[in-house]
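1. coords below, sequence missing:
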C-alpha cells in the first residue's frame, strides 16, 4: 500500500473516531479502567515480590553442631553410623577429654578445624545452600547475651565462665525458599549436626503468598485483557455498522481488503494508545499517593517501596503493548467478519 | 449484475469481463477487476458525511492515485456531469438527479472500460431520467461500454441501443438495433 493511501486512511480513521465520539470516549473510559487496574496489579505484585524477596534473604537456618557441649547438656545425636576412620582416630587422641556422658558412637566435632570442614561439606553437598557461616560457641553466647540477656549481668557472668550451654554451629543461607523443607531434611541427615533452628512455617507462608500473588496477578491481567479486547471489538463493530455504506462503496470501486481494514485498525490503535497515555498518568498519580501514604505510615513506614522512576518504562511498555494489541486484535477480529460480505449484503446488516 | 462484478460466482458457464475470467479469478484480483468498471446504483449510495468532491475523490483514493491527480480529475468529471459549482455541497443539499450525477461522476472518475448502471433512473423523476440516460449515451459515444438495467420501457424505446431482455434469469431477446421486439 502506498504511503499517501496510508495517510489518507489514517485521516479517515481519526475522522471516524470523531464521528463516533461518544462511543470512542466510552471505550477509552472502560479501557483506561482496565489498564489502570492492570498497572496497579503489576506494581503491587512487584512490590510484594520485592518485600518477600527481602524476607527470603534474611531467612536462614541455624545449625548447631554435635560437640562436647551438646553432649554435656544431653542433646547430642547418638544415632549416626559409625565414625569414619580418620575421625575416629582424632576422637581417640582426645579420649581423655571426653566426659562419661559421651556416647561411644556419637559423631563429635572436636575443634574449629573439624567444624569448618563440616561447613564446607554442607555448602558442597546441598544445592540450595548459598552460604555457610561458622560460629563458635563463644560467638553463639555473645549473640544470645546481646539479644536475650540485656540487664541480666549475673546470668551473663555465670555463662561467661564454664557454664556456656551453646554449641558451635553454622548460619546457613538458602537460595530458594520453596525448597526450604527439603533442605531442612537434607541438613538433618548430615552427620555432625546436632540440632536445627528453622522457620519452616514462615518459609511455607512466604512461598504460598508468592505463588498466590503470581496466580492472582496472571488471572487479573488475563481477564482484564479479554475485557479490553471485547470493548475495542464492540467499538469497531459500532463504527463498522455506521460505515457499512462506505464499506460497500469501497468494495464496489475496487478497494482491497487491507485498504478497508486499515482505518479501523488505526482507529482501534488510537483508542488503545490514548487509553495507554491516560492510564499511565492515572497510575503514576495513584502510585505516588500510595507510596507517600506508606512512607508516612507508622506500621509500613519501614517497608521499602519500588520507585516509579525505575518501573515507569515497564508500565508504559505494558500499556502500549496492551493498547496496540487490544486495538489491532479487537478491530481485526471484527473486520474479518464484515470483509467476507459483498456490496448488497451490507444493506442486510 | 452481481455475476459481472463478481459479487457472486456462476455455477456453470464462463464469464469474461475486461479480460478477466470470472470463473477462475482469484479473490485478490477481484478489486483490480472492479477498478476496470464504474458502477452507478439506483439508490445513489453517496456517503452522507462527505461533500460532492470527496464522494467522487473517494473512488480515486481507493486506487492510490496522487492528490494532485485526484484534484484535477475530480474537478474535470464534476464539470462534465454539470456539477462543477456543487463540489462543496453535501449530498442532502442536492436533488435526486444531482445525486445520481454525483454517482455517475464517481463511476467515471477512474476512466473505466465499462459502466454498469443498475436502474440509475429508478429514484428520479421522468425528466431527470432522460437527462441521466442522455449523459450515459454521451459517455458511450466517447468509447466507454455502458450496461444499463432498467424497467422503464419508454427509455428503452426512446434511446435506440442494443437491448437484451431477461425473463426469469433467461435471455428472451437480444436486439442489436434497439427496441423491445422479441
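-> Here it is on my side, so go on. Note that this is a predicted model, so its numbers are computed, not measured.

2. Name the next helix or strand downstream of the helix or strand bottoming out on mean pLDDT in chain B, please.
-> The helix or strand of chain B with the lowest confidence, counting by mean pLDDT, DSSP states H and E, is helix B:153-158 at a mean of 83. Following helix B:153-158 in sequence order, the next helix or strand is strand B:163-167 (DSSP states H and E).

3. Which positions within the helix or strand that that following strand is followed by qualify as buried?
-> On the C-terminal side of strand B:163-167, the nearest following helix or strand under DSSP H and E is strand B:170-175. Residues of strand B:170-175 classed as buried: residue B:175 (neighbour count, 16 or more other Cβ atoms under 10 Å in any protein chain shown). The way it works is simple: take the backbone N, C-alpha and C, and place the C-beta from them, glycine included.

4. Kindly report the same for stretch B:77-90.
-> The neighbour-count criterion (16+ other Cβ under 10 Å) identifies B:77-78, B:80-81, B:83, B:86-87, B:90 as the buried residues of stretch B:77-90.

5. Next: stretch A:201-210.
-> By 16+ other Cβ under 10 Å, the buried positions in stretch A:201-210 come out as A:203, A:206-207, A:210.

6. Low-confidence regions, chain B specifically.
-> B:178-182 (pLDDT under 70).

7. Would you mind listing what in it touches chain A?
-> Chain B comes close to chain A at residues B:2, B:5, B:7-8, B:28, B:31-35, B:38-39, B:41, B:45, B:47-49, B:58-59, B:61-64, B:66-67, B:106, B:110, as judged by Cβ under 8 Å from any Cβ of the partner chain.

8. PyMOL command for the buried members of those?
-> Selection of buried members from the residues of chain B next to chain A for PyMOL, criterion 16+ other Cβ under 10 Å:
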select buried, chain B and resi 5+7+31+33+34+35+38+39+41+45+47+49+58+59+61+62+63+106+110
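
9. Now do the lengthiest helix in chain A: distance to the chain's middle.
-> Counting residues, the longest helix found in chain A (DSSP state H) is helix A:200-242. Distance, stretch centre to chain centre, for helix A:200-242: 16 Å (Cα atoms, centre = their mean, to the nearest Å).

10. circling back to that earlier point, how about the buried residues of stretch A:201-210 in TSV, adding distance to chain B and pLDDT?
-> Formatted as TSV, the buried residues of stretch A:201-210 follow (distance: Cβ to the nearest Cβ, whole Å; pLDDT from 0 to 100):
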residue	distance to chain B	pLDDT
A:203	62	70
A:206	58	74
A:207	56	75
A:210	52	77
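
11. residues touching the residue nearest to residue A:160 when sequence neighbours are not counted, list them.
-> Residue nearest to residue A:160 in three dimensions, not counting chain neighbours: residue A:141, with 7.8 Å by Cβ to Cβ, 6 or more residues apart in numbering or on different chains. Contact analysis of residue A:141 by Cβ atoms under 8 Å, 6 or more residues apart in numbering or on different chains lists A:159-160, A:164, A:166.

12. What helix or strand is residue B:4 located in?
-> Per DSSP H and E, residue B:4 falls between elements, in no helix or strand.

13. oh, I was asking about residue B:44
-> Applying DSSP H and E, one finds residue B:44 in no helix or strand.

14. what's the spacing between it and chain A?
-> 10 Å (Cβ to the nearest Cβ, to the nearest Å).

15. What's the local residue count around that residue?
-> Residue B:44: 21 surrounding residues under other Cβ atoms under 10 Å in any protein chain shown.

16. from memory it sits against residue B:123, does it?
-> Yes - here residue B:44 reaches residue B:123: they are 7.1 Å apart, a contact under Cβ atoms under 8 Å.

17. hmm, back to that, what helix or strand does the residue nearest to residue A:160 sit in?
-> Residue A:141 belongs to helix A:137-148 when assigned by DSSP H and E.

18. distance between that helix and the chain's centre?
-> Worked out by Cα atoms, centre = their mean, helix A:137-148 lies 35 Å from the chain centre.

19. ok, and for it, which residues are buried?
-> A:137, A:140-141, A:145.

20. Pick the one among the residues you listed closest to chain B.
-> residue A:140 (81.2 Å; Cβ to the nearest Cβ).

21. so which strand or helix has the closest residue in space to that closest one that isn't next to it in sequence?
-> Excluding the flanking residues, the one nearest residue A:140 by Cβ to Cβ, 6+ apart is residue A:166, at 4.0 Å. Secondary structure from DSSP H and E places residue A:166 outside every helix and strand.

22. Next up, the contacts around residue A:166.
-> Residue A:166 neighbours (Cβ under 8 Å, 6+ apart): A:64, A:69, A:137, A:140-141, A:144.

23. picking up where we left off before, which ones among the residues of chain B next to chain A map onto strands?
-> With DSSP state E as the criterion, strands contain B:38-39 from among these.

24. Can you point out the buried residues in the lengthiest helix in chain B?
-> The longest helix of chain B (DSSP H) is helix B:126-141. For helix B:126-141, the neighbour count (16+ other Cβ under 10 Å) marks B:128-133, B:135-136, B:139 as buried.

25. What separation is there between residue A:27 and chain B?
-> Remark: distance between residue A:27 and chain B (Cβ to the nearest Cβ) = 20 Å.

26. is it true that residue B:34 touches residue A:252?
-> Yes - if you go by Cβ under 8 Å, residue B:34 and residue A:252 touch, sitting 6.5 Å apart.

27. hmm, back to that, go ahead and measure how far the helix or strand following the longest helix of chain A is from the middle of the chain.
-> Note on helix A:200-242: by DSSP H and E, the next helix or strand toward the C-terminus is helix A:244-252. The chain centroid and the centroid of helix A:244-252 are separated by 51 Å under Cα atoms, centre = their mean.

28. Is helix A:244-252 positioned near chain B?
-> Yes - counting by Cβ under 8 Å from any Cβ, chain B is contacted by helix A:244-252 at A:245-246, A:248-252.

29. What segments of chain A are helices?
-> Secondary structure of chain A (DSSP H): helices located at A:3-19, A:21-58, A:68-72, A:85-93, A:112-125, A:137-148, A:153-160, A:180-188, A:200-242, A:244-252, A:257-296, A:308-339.

30. quick one: which of those has the weakest pLDDT on average?
-> Ranked by mean pLDDT, the helices of chain A end with helix A:85-93 at the bottom, a mean of 42.

31. if we can go back for a sec, give me the angle between the longest helix of chain A and helix A:21-58.
-> Using axes from the mean of the first three to the mean of the last three Cα atoms, to 10 degrees, the inter-axis angle of helix A:200-242 relative to helix A:21-58 is 170 degrees.

32. Around chain B, which positions in chain A sit nearby?
-> Within chain A, the positions near chain B by Cβ under 8 Å from any Cβ are A:1-2, A:4-5, A:8, A:19, A:245-246, A:248-256, A:259, A:342-344.

33. which of the residues you listed are buried?
-> A:5, A:8, A:245-246, A:248-256, A:259, A:342-344.

34. hang on, isn't residue A:20 packed against residue A:239?
-> Yes - the criterion here is Cβ under 8 Å, and residue A:20 meets it with residue A:239 at 5.4 Å.
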